[in-house]
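Novice: any chance you could fold what I've pasted below:
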Amino acid sequence: MTVVRLILRSLVFYARIHAGPLLGAAVGSAVLIGALVVGDSMRLTLRQMALLRLGNVHYALASGDRLFRAQLGLELPASLAPAGYAQAKPLLTASVLQLPGVATTVNGAGRANQVQVLGVDERFWRLADRPVPLAALPPDALVLNQALAAQLRARVGQDIVLRIQKPSHLSRDAPLAPEEDATVALRSRVYAVVGDDQLGRFSLQASQTPPFNAFVSLAALQSRTAAPGRANLLLVGALPPPPPVFTVSPGSAMPTTAASARDPLERLSQALRARWQLEDAELEWRELPEWRALELRSRRVFLDQPIADAVLGGPGLTNAVAARVANRLPLARPAGVLTYLVNELRVGDRVTPYSMVAATGPPLTPADLRDDEVLINQWLADDLAAKPGDELTLRYYVVGPARRLDERSARFRVRGVLPMNSPGLDRNLMPDFPGLTDAATCRDWDTGLPIQTDR
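Specialist: Here you go, the predicted structure:
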């Protein structure tokens, strides 16, 4: 009997014993191979979904509820290429106004929540993987992605109503944020339905669920939401190669060239800083002729802490805008001002409801003004029959848990009475509170506070 014959007869005789390990090995191999195949397929699928979401977008600046100049996107390419240096491939940029909204059909049969309304122009479509035959959209035109069109069962030529949340200079959770006029309705006609590879699936949020995207004209959305010339999303395509650097080696008469090794993100950040203006941070200077000074104001009512630190000489000059503010500051002694709406001012039995109270410091107030002292104007002194030395009680709201308004009080001693022509009583110094400064009378106030107009 040969060795081969012995092995074969042994396998046949012990076939039942060998069957279990053989089947186990086969099942284990199948599971392992299947997992590898599925893993590769899943990674490929996720990669394809990410590419569909972004198209040819390589960099993005998303500012949320903070609006910058839409012109900023047009200025970046000039900062990335020095004068006289021709780029082989132009830099693609697009300024977008992105706002949340709800879409419904005119008859109410179709509805889609959590819609991403994007105000775009022709530059946005150039960032798509596949060419999009769309130029500047008409003011009443609406472009849907496939997911939103399927949800609404919409077709080209059908009217759709978009209810869009307007950008607000104040947080929606702020106690002074207006309750009314927070949204705007936009009735548009479906102009086209774009595919996923035409930026129809565009989103900066990683998700396997296709977003509901509605694209409208950038100019039309800016006009309807009272944000002319503004955007909150800046998209940038692939950066062109940096210009070569010419160097001359010792002993050589001919210059040599070497490619710049700067990081693309660093180049883009530097170009952005070169074009960034105060208006992009929603800041502005105002002249105060009577004070022979300038006032730095924010459209967001309250200055961000890095800006305040830069102006007042505190820490926190890392912010590019804060550094520019500090370099342009014309005042030798800057003073911060915090203004807030209080519920009432009381002296004894006399009450003045709903007044603006400002907290500031030298040189606008005496240097020795104590924390428990207050200066009032002549009108308030007459209304409360108050005089220096009287105790004044101030009641105001603070935001508690779940946006609950809790009323608190503080007591002050009247330090002095200011005449009505004092520079510090200039009405132009009051911040532009939405719903307050644009109201003709107190009865027209629109705030998140419970205002009693009969007081």
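Novice: mind exporting the C-alpha coordinates of stretch 231-240 to PDB?
Specialist: This file holds the C-alpha atoms of stretch 231-240, laid out as PDB (Å, rounded to 0.1, in the frame of the first residue of the first chain):
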ATOM      1  CA  ALA A 231     -24.000  85.800   2.500                       C
ATOM      2  CA  ASN A 232     -23.200  83.300   5.200                       C
ATOM      3  CA  LEU A 233     -21.500  80.600   3.200                       C
ATOM      4  CA  LEU A 234     -18.300  81.000   1.100                       C
ATOM      5  CA  LEU A 235     -17.400  78.000  -1.100                       C
ATOM      6  CA  VAL A 236     -13.900  77.700  -2.700                       C
ATOM      7  CA  GLY A 237     -12.800  75.100  -5.300                       C
ATOM      8  CA  ALA A 238      -9.300  73.700  -5.800                       C
ATOM      9  CA  LEU A 239      -6.600  76.300  -5.200                       C
ATOM     10  CA  PRO A 240      -4.300  76.900  -8.200                       C
END
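Novice: let me know the average pLDDT across that stretch.
Specialist: Stretch 231-240 shows a mean pLDDT of 91.
Novice: for it, buried residues please.
Specialist: Ala231, Asn232, Leu233, Leu234, Leu235, Val236, Gly237, Leu239, Pro240 (16 or more other C-beta atoms under 10 Å). For the C-beta atoms, the positions are set from N, CA and C on the backbone; glycine is no exception.
Novice: which of those residues lies closest to Val311?
Specialist: Using C-beta to C-beta, Asn232 is the member of the buried residues of stretch 231-240 that sits closest to Val311, with 24.6 Å.
Novice: for burial, what's the neighbour tally of the closest residue to the closest one other than its chain neighbours?
Specialist: Distances taken as C-beta to C-beta, 6 or more residues apart in numbering put Ser63 closest to Asn232, at 4.7 Å, once the chain neighbours are dropped. When neighbours are defined as other C-beta atoms under 10 Å, Ser63 has 15 of them.
Novice: Ser63 contacts Arg230, correct?
Specialist: No: the criterion here is C-beta atoms under 8 Å, and Ser63 misses it with Arg230 at 10.0 Å.
Novice: quick one, helices of the stretch 151-300 of the chain?
Specialist: Counting by DSSP state H, counting those that start in this stretch, the stretch 151-300 of the chain has helices at residues 218-224, 264-275.
Novice: which of these sits closest to Ser29?
Specialist: helix 264-275 (44.9 Å).
Novice: what is the closest one packed up against?
Specialist: strand 59-62, helix 72-80 (3 or more C-beta pairs under 8 Å, 6 or more residues apart in numbering; DSSP states H and E).
Novice: for these, which one ends up most surrounded?
Specialist: Greatest average neighbour count among the helices and strands packed on helix 264-275 goes to helix 72-80 (a mean of 18), per mean count of other C-beta atoms under 10 Å.
Novice: what does it rub up against?
Specialist: Applying C-beta atoms under 8 Å, 6 or more residues apart in numbering, the contact partners of helix 72-80 are 90-91, 93-95, 123, 231, 234-236, 239-240, 267-268, 270-272, 274-276, 280.
Novice: export it to PDB, keeping only CA atoms.
Specialist: Coordinates of the C-alpha atoms in helix 72-80 are reproduced here as PDB (Å, rounded to 0.1, in the frame of the first residue of the first chain):
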ATOM      1  CA  LEU A  72     -15.900  88.700  -0.600                       C
ATOM      2  CA  GLY A  73     -16.100  85.600  -2.900                       C
ATOM      3  CA  LEU A  74     -15.200  87.700  -5.900                       C
ATOM      4  CA  GLU A  75     -12.200  89.300  -4.200                       C
ATOM      5  CA  LEU A  76     -10.400  86.200  -3.100                       C
ATOM      6  CA  PRO A  77      -9.000  85.100  -6.500                       C
ATOM      7  CA  ALA A  78      -7.100  88.400  -6.900                       C
ATOM      8  CA  SER A  79      -5.500  87.900  -3.500                       C
ATOM      9  CA  LEU A  80      -4.300  84.400  -4.300                       C
END
